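Visitor: Just the structure for this:
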Amino acid sequence: MAEARCPASCGELIQGWILGGEKLISCPVNWFSTVSVTDGVPGKNERPRMRQMLRSVLAYFDQPAERVNDLHISFDSTIPVAKGLASSTADIAATALATARHLGETLNEAALAALCVRLEPTDSTLFRQLTLFDHQTAATQISYDWQPAIDILLLESPQLLKTEDFHRRDRQPALLASATSLERAWQLFTQAAEHRDCSLLGQATTLSAQASQRLLVKPDFTALLQLVEELDLYGLNVAHSGSVVGLLLDRQRHDVEQVYWQLQQRNINRHYPRQHLLTMVPGGVR
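Guide: Have a look, this model is predicted:
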């Protein structure tokens, strides 16, 4: 048996038109999808595309195609699906590495990214470092040597949205209209990484989130911006192809109970009835 796990992402730190196309930087948090691959009969409870990824990895390592029928996949995930939390990326990336390990092989991050984007648009949670990533082609992979010490109050909406449905929309006009804002957000993110500055990071994520409103409206967004400003939080980020919002903060510096109370007082939690205090973690498949 071989096992691997990949973290969720609380939406994206930034996403939009950068360097001539749509790119993103994911926001890995401490929820995981854990996948095991063993010899055995295929089960009936696999997540979508897990078996496809297993087949892709067999082909990558020149294994007989019929071996796909002799491998069993099991998984355990704490990641809600269809919310913009990178649950599918976590599933297929962990499946890929677990399969490679079961075969006695290894996959580097570039090879893993290439395998994943062949199946679907992929989050950059599969990289150990924060990475600007072309999530549709894997052609751009710019990494940053900084792991922010940040907590995230994840606001979970009941609204569901499949990433593949989002990517079928004609989004290019709105992406191009926000290109200047995203260029600025990327500059701020780069400065934040260079100076290890969480406040600059929050400015970058908030700017990207504001641009995302053109494409996918988040309820009570203006009220959330006011809350961030009044409580002096670092900023907020969103799932650009999902329904969650993250409030970026430091549980040692900010009064988290006050944040909870204000969400209730302002009736924001009617749109986000579940809240989860998470920590940003390094990405990468373990």
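Visitor: contacts and neighbour counts: CA atoms only from here.
Guide: Fine.
Visitor: Now do the contacts for residue 146.
Guide: Residues near residue 146 by C-alpha atoms under 8 Å, 6 or more residues apart in numbering: 129, 130, 193, 194, 196.
Visitor: a strand runs through the fourth one, doesn't it?
Guide: No: in this structure, residue 194 is helix, not part of a strand, as judged by DSSP: H, G, I helix; E, B strand; the rest coil.
Visitor: which residue sits closest to it in space, ignoring its chain neighbours?
Guide: Once flanking residues are discounted, residue 194 sits nearest to residue 146: 7.9 Å by C-alpha to C-alpha, 6 or more residues apart in numbering.
Visitor: Return the list of helices and strands in contact with the helix or strand residue 99 falls within.
Guide: Following DSSP states H and E, one finds residue 99 within helix 87-102. For helix 87-102, the elements it packs on are strand 2-18, strand 21-39, helix 50-60, helix 109-119, judged by 3 or more C-alpha pairs under 8 Å, 6 or more residues apart in numbering; DSSP states H and E.
Visitor: These: which one's closest to residue 200?
Guide: Comparing those against residue 200 with C-alpha to C-alpha, the closest turns out to be strand 2-18 (11.8 Å).
Visitor: Run a quick neighbour tally on the closest residue to residue 141 other than its chain neighbours.
Guide: Using C-alpha to C-alpha, 6+ apart and skipping residues adjacent in sequence, the residue nearest residue 141 is residue 133, 4.8 Å away. Using other C-alpha atoms under 10 Å, residue 133 is surrounded by 25 other residues.
Visitor: I figured residue 133 was touching residue 144, is that so?
Guide: No: using C-alpha atoms under 8 Å, residue 133 is not in contact with residue 144, being 11.4 Å away.
Visitor: so residue 132 touches residue 139, yeah?
Guide: No: under the criterion of C-alpha under 8 Å, residue 132 is not in contact with residue 139, lying 10.4 Å apart.
Visitor: May I have the beta-bridge partners of the residue nearest to residue 141?
Guide: Counting by DSSP bridges, residue 133 forms beta bridges with residue 24, residue 141.
Visitor: picking that back up, can you say which of the contacts of residue 146 are buried?
Guide: Among these, those buried by neighbour count (16 or more other C-alpha atoms under 10 Å) are 129, 130, 193, 196.
Visitor: which residues touch the second one?
Guide: Residues in contact with residue 130 (C-alpha under 8 Å, 6+ apart) are 25, 26, 27, 124, 143, 144, 145, 146, 147, 282, 283.
Visitor: Return the distance of stretch 95-114 from the chain's centre.
Guide: Centroid separation between stretch 95-114 and its chain, computed with C-alpha atoms, centre = their mean, to the nearest Å, is 20 Å.
Visitor: and it, how far apart are its ends?
Guide: Distance between the two ends of stretch 95-114: 14 Å, counting by C-alpha to C-alpha, to the nearest Å.
Visitor: cool, and stretch 40-51?
Guide: 13 Å.
Visitor: Helices of the stretch 151-286 of the chain, start to end?
Guide: Ranges of helices in the stretch 151-286 of the chain, per DSSP state H, counting those that start in this stretch, are 163-167, 172-177, 179-195, 198-212, 221-230, 256-265.
Visitor: buried sites along stretch 20-38?
Guide: Buried residues in stretch 20-38, counting neighbours by 16+ other C-alpha under 10 Å, are found at 22-38.
Visitor: should've said stretch 65-80
Guide: Residues of stretch 65-80 classed as buried: 68, 71, 72, 73, 74, 75, 77, 79 (neighbour count, 16+ other C-alpha under 10 Å).
Visitor: any idea of the mean pLDDT in it?
Guide: Throughout stretch 65-80, pLDDT has a mean value of 97.
Visitor: CA-only coordinates of that stretch, as PDB, when you get a sec.
Guide: C-alpha atoms of stretch 65-80 as PDB (Å, rounded to 0.1, in the frame of the first residue of the first chain):
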ATOM      1  CA  ALA A  65      -2.900  -0.500 -19.200                       C
ATOM      2  CA  GLU A  66      -4.800  -3.500 -18.000                       C
ATOM      3  CA  ARG A  67      -3.100  -3.100 -14.600                       C
ATOM      4  CA  VAL A  68      -5.700  -0.400 -13.900                       C
ATOM      5  CA  ASN A  69      -8.100  -3.200 -13.100                       C
ATOM      6  CA  ASP A  70      -5.900  -4.600 -10.400                       C
ATOM      7  CA  LEU A  71      -5.500  -1.500  -8.200                       C
ATOM      8  CA  HIS A  72      -7.800  -0.400  -5.400                       C
ATOM      9  CA  ILE A  73      -8.200   3.300  -4.400                       C
ATOM     10  CA  SER A  74      -9.400   4.400  -1.000                       C
ATOM     11  CA  PHE A  75      -9.600   8.000   0.300                       C
ATOM     12  CA  ASP A  76     -10.400  10.200   3.200                       C
ATOM     13  CA  SER A  77     -11.100  13.900   2.800                       C
ATOM     14  CA  THR A  78     -12.000  16.700   5.100                       C
ATOM     15  CA  ILE A  79     -12.500  19.100   2.200                       C
ATOM     16  CA  PRO A  80     -16.000  20.200   1.200                       C
END
